[in-house]
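Q: Curious how this folds, go ahead:
(chains A, B and C)
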Amino acid sequence: MSLSVPAAWTARVSAYSSALVGWRTANSAAASGSSPRAAVRPPSEATATRGRGALQLRRVSKRYEVDGKTLDVLQGIDLVVEPGEFICLVGASGCGKSTILRLIVGLDTDHDGDILLDDRPIGPPGLERGIVFQEHRLMPWLTVERNIGLSLEATGRSAAECARLVQEHIDLVGLTGFERAFPRQLSGGMAQRVAIARGLVSQPKILLLDEPLGALDSLTRLHLQQELLGIWSRERIAMVMVTHDVEEATFLSDRIVVLSPRPGRVRRIITVDLPHPRDRGDPRFIAIRQAALSELSR
Amino acid sequence: MTARTAWSERWRGAVLPAGILVLWSAATCDGWVSTDVLVTPWRTLAPLGDAAIRTDLIDGFVASGVRFFEGALLGITLGLILGVVLGLSRRTDRVIGPSFHAIRQIAIFAWVPLLTAWFGNGDFGKVVFIALGAFYPVVMGTYEGIRGVPPHLREIGQLYCFGPWRLLRRIVLPAAVPAIVGALQLALIFAWLATIGAEYLMGGASRGIGTFVMGGREQMRTDIVLLGVAVIAVSGFLLNSLLRAGSRRVLRWRDAAS
Amino acid sequence: MSISIPSTAQVASRTGKAPGTGIRFGRRIWGFSQPLMFPVVTVLIWSAASAYGWVSPQILPSPAIIAGTFRDMLVGGDISANLGISLIRVAKGFVLGGSLGLALGVAMGFSRTVEIWIGPLFRTVSQIPSLVWIPVLMQLFGIDEMLKLVIMVKACLIPIAITSSEGIRNIPRHYLEVAQVLALSRRSRIVKIILPGALPSIFSGLRQGLSHLWVSLVIVEMLVSAEGLGYLMSWGRLIFQLDVVIVCMILVGVIGFALDFGLQRLEARCLRWRGTGVSG
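A: Take a look at the predicted model:
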């Protein structure tokens, strides 16, 4: 058919160019543990879509007017997230941690102060900032692959390219074979993994996670913490995660940002410079965890 | 939403009905539409001036109302009994249930010819029909209300050694009340519909508001027809509002007590 | 006095092994026969009543007579002619009423403006049942096909419009936020998120609408028609052939059930993602 000729032609051209570049990147890709198919991806494309991914929050504040009274939800939040860094926001309920995420992703645009991504103010939601919610929020009427593919709708990629990316990320989160399953057929942990794949497939510069493991039982949660770590080390994308579980924060993040409630303020930032894999019984681990806990209970 | 936007929304919502009213008046006044078909809005109220028609209307409305109550009472009582039996006894449900559901498929208006053949066009046939209209929703609602009582509530009764009668009285029926109240609401609305329908379909051996309307049709008195329909519509609205307010009252009391 | 078939567990504990096929088969037969007990007994008593003359066959024809009449009517073409006409009317009414209802419901669901202007009038009209409208509509449209079409359209348009507009407006905010963060185009959001999410409500409205439509049609045919199933029933009543009336009653029930069943199957296919355990 005449319509398929241009598509086939562009596919061949991109295949040639990828093959040329892929030859050179194959080694570096293999070293970081990604699949052979991913090695064919030209590096220029990866960095172009991802950029540096440096996030900056400058004196961010948020106020609500309720019955004539002003409620300060956030006050003077200053935060810098380096590219590829894993940050956890911890704090009691009411300290505005989820609000911070909603401001960063752009679901809420009413705030004082600046939020910058790669030195540019963020606007309404865009694909360079991905988010994973606490409820998986998968569309019940779409299969796993269609749910993940939803992320790529707005990118204008070809169908073949989309299918490849979706399959890659299904493999990444360990759900190979479940492409055609519906959300109701998945367990909570599996559904959340699909949500994570959906957040990553559009190759955002930064991924936000709002208590993603909060709705799961403890065993699944421990398992997924490992998976999350694996995904992060492979993709090397900045992650900002909100959690109430201090142990989880100590296990996963490079820095723990402790917030105090009402109004939400950064109380202390604890650096976790332990190498991965981290041992939860290690005295240094326990010390850091204790430090964070005591900050919280002050 | 501010009070002002709410008001302006209400005004805009009234534009279309007002426009229709204007169109209606214009069409009938200027004779676009013959008076056989439609009369002006205010002429609809004119027949009220005629004493004979007025008594017809009022007598008819009262007669319909009486039949409504009789039929509703009959249908609700029988419906509650069958609904409770089907809800409590699984065995009865298995035996009678499927037949009940099969018969329920037959639209109640399809019963009219049979009922008129058996009971004539008089009051009794109409009351039976109205009872039928109220019967089905009550059975369904009661059945589902009782079936829907969570098993753990029954278990509490068993823990405290409640006998079956006490279990029914103190746990099962109160828990089923919201569903039953909803079903009663539906039943009364269906009964009202059946009252009107009975008079349309079963003819005018006895007085009634529906008979009043059909009579107007036969006499080619469009104004009587419209007047009657308006009375029916208004009575329906009132019934609806009353039922909603009533059920809110009853359920609120239940909620507070539970 | 009641027969108690031992349960699987009881049999297993007594004999030390699972119940054989004999007991399982017996239990299955028992399961089948229970619902049939009531109708069978009723038919038996009914036949006896006619045979022994407890009730005059004019008042209550025996099941045998009814079956015979059904066969005669089928062979004679009465049923196919009238039922066919009714079903064609149903098709016309449902297609027209359904599409108008969907269009209106979608408009009210998506556009607050439409909701503001048309909503109140629509709600008022919808609260007045079709039955009440019939005399007025008879004035306006006479008593021929137009009347039936108008009544059918009114009967099914309203539930469909209401449920589809509610389905669209009640899409959980969670899903809409996902559409936002994935930067979906407006078209994508509507086609992939809002419409599929509203589909269960839409189907519920379609089933209600079809059932209302069928009942309304039968009523109108009984009142003012010269053909169709309702007319056939009235005619049977007129000539005091209650067997004809009863055959028609049964047909009304069967067709009503079949229409709803058909829609239910369609719903199950379209909503496969919802899984089992969701009743209509």
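Q: Show me what counts as buried in the helix or strand of chain B with the lowest mean pLDDT.
A: For chain B, counting by mean pLDDT, DSSP states H and E, helix B:41-45 ranks last in confidence among helices and strands (a mean of 74). Neighbour-count burial for helix B:41-45, with 16 or more other CB atoms under 10 Å in any protein chain shown as criterion, is recorded at B:R43, B:T44. For the C-beta atoms, the positions are set from N, CA and C on the backbone; glycine is no exception.
Q: and the next element down the chain from it?
A: helix B:51-88 (DSSP states H and E).
Q: so what secondary structure elements neighbour that following helix?
A: helix B:90-104, helix B:123-147, helix B:173-202, helix B:209-218, helix B:222-257 (3 or more CB pairs under 8 Å, 6 or more residues apart in numbering or on different chains; DSSP states H and E).
Q: who wins for proximity to C:L137 among those?
A: helix B:222-257 (10.0 Å; CB to CB).
Q: Now do the phi/psi pair for C:L36.
A: Main-chain torsions, C:L36, degrees, to the nearest 10: phi -80, psi -20.
Q: State the pLDDT value of it.
A: You'll see C:L36 listed with a pLDDT of 84.
Q: neighbours around A:D67, how many?
A: 5 (other CB atoms under 10 Å in any protein chain shown).
Q: pretty sure B:F237 contacts C:P129?
A: No. Counting by CB atoms under 8 Å, B:F237 does not reach C:P129; the two are 11.3 Å apart.
Q: neighbour count winner among those two?
A: C:P129 (22 against 13).
Q: Apart from its chain neighbours, what residue comes closest to that one?
A: The shortest distance from C:P129 to any non-neighbouring residue, by CB to CB, 6 or more residues apart in numbering or on different chains, is to B:L193 (5.7 Å).
Q: And for B:V231?
A: Per CB to CB, 6+ apart, closest to B:V231 is B:I209, 6.2 Å.
Q: which ones are touching that neighbour?
A: B:L57, B:G60, B:F61, B:S64, B:I196, B:E199, B:G228, B:V231, B:I232, B:S235 (CB atoms under 8 Å, 6 or more residues apart in numbering or on different chains).
Q: which two in these are spaced the farthest apart?
A: Between all members of the contacts of B:I209, the farthest pair (by CB to CB) comes out as B:L57 and B:I196, at 14.3 Å.
Q: who has more neighbours, the two?
A: B:I196 (27 against 21).
Q: Would you confirm that the more buried one contacts B:A233?
A: No. With contact defined as CB under 8 Å, B:I196 does not count as touching B:A233 (10.3 Å).
Q: So for the two, which residues contact both of them?
A: With CB under 8 Å, 6+ apart as the test, B:I196 and B:A233 both reach C:V132.
Q: Quick check: which ranges of chain B have low pLDDT?
A: B:1-4, B:31-37, B:204, B:253-258 (pLDDT under 70).
Q: Kindly provide the distance from A:D273 to B:V39.
A: 90 Å (CB to CB, to the nearest Å).
Q: Those two - which one has more neighbours?
A: Applying other CB under 10 Å to A:D273 and B:V39 shows that B:V39 carries more neighbours, namely 24 against 8.
Q: Am I right that the more buried one sits in a strand?
A: No. Applying DSSP: H, G, I helix; E, B strand; the rest coil, one finds B:V39 to be coil, outside a strand.
Q: correct me, but it touches B:R221?
A: No. Shown here, B:V39 and B:R221 do not form a contact pair, counting by CB under 8 Å, at 9.1 Å.
Q: And for residue 156, the neighbour number?
A: Picking chain A for this. 8.
Q: wrong chain, I was asking about chain C
A: Other residues near C:C156 number 30, with proximity taken as other CB under 10 Å.
Q: One more: A:L296?
A: Neighbour number of A:L296 under other CB under 10 Å is 19.
Q: what's the nearest residue to it if we skip its chain neighbours?
A: Looking at A:L296 with CB to CB, 6+ apart, the closest residue is A:V258, at 6.2 Å.
Q: Run the chain-centre distance for the strand or helix carrying C:A64.
A: With elements taken from DSSP H and E, the one containing C:A64 is helix C:63-76. Counting by CA atoms, centre = their mean, to the nearest Å, helix C:63-76 is centred 25 Å from the centre of its parent chain.
Q: what is the mean pLDDT for the helix or strand following that helix?
A: Per DSSP H and E, the first helix or strand lying C-terminal to helix C:63-76 is helix C:78-110. Averaging pLDDT along helix C:78-110 gives 93.
Q: Residues contacting the helix or strand that helix C:78-110 is followed by, please?
A: Using DSSP H and E, the helix or strand that follows helix C:78-110 towards the C-terminus is helix C:112-127. With contacts defined as CB under 8 Å, 6+ apart, helix C:112-127 is touched by B:9-10, B:12-17, B:20, B:236-237, B:240, C:104, C:107-108, C:158, C:161-162, C:165.
Q: Recalculate using a threshold of 7 Å.
A: Applying CB atoms under 7 Å, 6 or more residues apart in numbering or on different chains, the external contacts of helix C:112-127 come out as B:9, B:12-17, B:237, B:240, C:107-108, C:158, C:162.
Q: One more: stretch B:109-126?
A: B:67, B:128-129, B:132, B:197-198, B:201-203, B:205-206, C:59, C:215, C:218-219, C:222, C:233-234, C:236-237, C:240, C:242, C:245-246, C:249, C:252.
Q: can you pull the buried residues of it?
A: Buried residues in stretch B:109-126, counted by 16+ other CB under 10 Å: B:109-117, B:119, B:121, B:123, B:125-126.
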